[in-house]
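Peer 1: Turn this into a model:
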Amino acid sequence: MSDSIRNKLSFSCLSALSRKGFVGIYILVAAIMTASAQAETVDIRIATAYAADNFQTMNLQQFAKEVAVVSNGQVKMTVFPAGSLLKPAEIFPGVVNEKAEAGEVIMSSLAKEIPVFGLDSLPFTVRGYEDAHNLWMASKIEVEKALTKRGLKLLYSVPWPPQNLYSKKPLSSLADFKGMRMRSYNPASERIAELAMATAVPVQVIDLEKAIASDKLDVMITSSWTGVETKAWSKMAYYYQANAWIPKNIVFISQKVFAKLSADTQKKMLEAAQAAEKRGWNMSRDSDAGYENQLRNNKIKVDRVDALLRNNLDRLGEQFVREWLKTASSEEVAILLKYTTERSMK
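Peer 2: Residues are numbered from 1 along each chain as shown. Here you go, the predicted structure:
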């Protein structure tokens, strides 16, 4: 508390003793303490792995600005892009361990630790953004529970564009993958490489451009944005619209930090988060076509998957889900059942 506030408190207490007694003191102390709390700024550092000009980061920056406005400047959220505060693999544990107040990660990267986070990377389970949103709605409660157990609070989730196939050479069947070096970045992509008889090469997005340019990969499944961001055309010549899955990022905040905010500020922050989620889904949809055009402009051949490869990939997806069901928790199975039941009714 500042000296000026302390002086006001002392003066107000003396006045209250002569006028209204202890009731007056209580009221004045409460009012001054509230004014003091309101005057303090809560600083929140948000760690993210993505570049400042990425649509996910741009959405996060807009969210931070809106929170500053609705909190009348009492909450200052500073976004640290491109792993500048914490390295990608350190963001989630970093927020848990109070090295940052908030963070953003791709949910499926934590599937080994929190299996329910891998649901949105089940191959060929969703057919587009509408399906992806329905799966998110079916799984959101369990995601929130998992975060709560670790002292975190979910703010919002935004998908990447659909995951598609990049390759150095033409692909016409699953047999073409045999022996190829295939990028993996989570358990699901690692298993897909195994099922395709390719060699899994772990590469996170922050290191992907270097891995492609240095000729460490022959094929990868990733979004149109990632291909543009990493200049995939330096080595990759083909891009197939496989729509393998639509993974999501989650943005979260420390429960301890969130609890410091007034009830009204908490409410306004969550409302801003809802707006960020809606805006982010639209940004993801709108960006996909533009990114694919950039791939074309840089001489990558953009094409649909032919019938044989489509059939091969669908069978691979079915095998993946069968394996997943053997180890999935009852909560995960319930989520998938809810999602598939609702989809079949439409």
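Peer 1: what is the mean pLDDT for stretch 181-196?
Peer 2: For stretch 181-196, the mean per-residue pLDDT is 90.
Peer 1: Please apply the same query to stretch 305-322.
Peer 2: 91.
Peer 1: go on, stretch 283-292?
Peer 2: On average, stretch 283-292 scores 93.
Peer 1: Name the residues of that stretch that come out as buried.
Peer 2: M283, S284, S287, D288, Y291, E292 (16 or more other C-beta atoms under 10 Å). In this view, the C-beta of every residue, glycine as well, is placed from N, C-alpha and C.
Peer 1: what's the closest of the residues you listed to N186?
Peer 2: Minimum distance to N186 across those is 18.6 Å, recorded for S284 (C-beta to C-beta).
Peer 1: By mean pLDDT, which helix or strand of this protein comes out lowest?
Peer 2: In the chain, the helix or strand scored least confidently by mean pLDDT, DSSP states H and E is helix 3-19, which has a mean of 44.
Peer 1: quick one: secondary structure of R45?
Peer 2: Here R45 is recorded as strand under DSSP: H, G, I helix; E, B strand; the rest coil.
Peer 1: Identify the residues contacting it.
Peer 2: By C-beta atoms under 8 Å, 6 or more residues apart in numbering, the residues touching R45 are T78, F80, L85, A100, E101, A102.
Peer 1: ok, 6 Å please
Peer 2: By C-beta atoms under 6 Å, 6 or more residues apart in numbering, the contact set of R45 is T78, A100, E101.
Peer 1: Check S234 too.
Peer 2: With C-beta under 6 Å, 6+ apart, S234 has these contacts: I212, A213.
Peer 1: From G83, how far out is it?
Peer 2: From S234 across to G83, the span is 22 Å (C-beta to C-beta, to the nearest Å).
Peer 1: What sits closest to G118 if chain neighbours are left out?
Peer 2: Nearest residue to G118, sequence neighbours excluded (C-beta to C-beta, 6 or more residues apart in numbering): A111, at 3.0 Å.
Peer 1: burial of that neighbour, as a residue count?
Peer 2: By other C-beta atoms under 10 Å, the residues close to A111 number 17.
Peer 1: got it, and the one 4 residues further on?
Peer 2: Residue crowding around P115 was assessed by other C-beta under 10 Å; the count is 18.
Peer 1: same check, this time on A259
Peer 2: 9.
Peer 1: which SSE is it in?
Peer 2: Element membership for A259 (DSSP states H and E) is helix 255-260.
Peer 1: buried set for that helix?
Peer 2: Quick answer for helix 255-260 (16+ other C-beta under 10 Å): V257, F258.
Peer 1: Go ahead and name everything in contact with that helix.
Peer 2: Applying C-beta under 6 Å, 6+ apart, the contact partners of helix 255-260 are V42, E101, G151, K153.
Peer 1: redo that, cut-off 7 Å
Peer 2: V42, I44, E101, G151, L152, K153, Q266 (C-beta atoms under 7 Å, 6 or more residues apart in numbering).
Peer 1: can you check stretch 188-208 too?
Peer 2: 49, 83, 88, 108, 111, 118, 121, 123, 174, 177-185, 211, 216-217, 219, 221, 226, 230, 316, 319-320.
Peer 1: what is the closest residue to Y238 other than its chain neighbours paired to in the beta sheet?
Peer 2: Distances taken as C-beta to C-beta, 6+ apart put S167 closest to Y238, at 4.6 Å, once the chain neighbours are dropped. Here S167 sits in beta bridges with V219, Y238, as judged by DSSP bridges.
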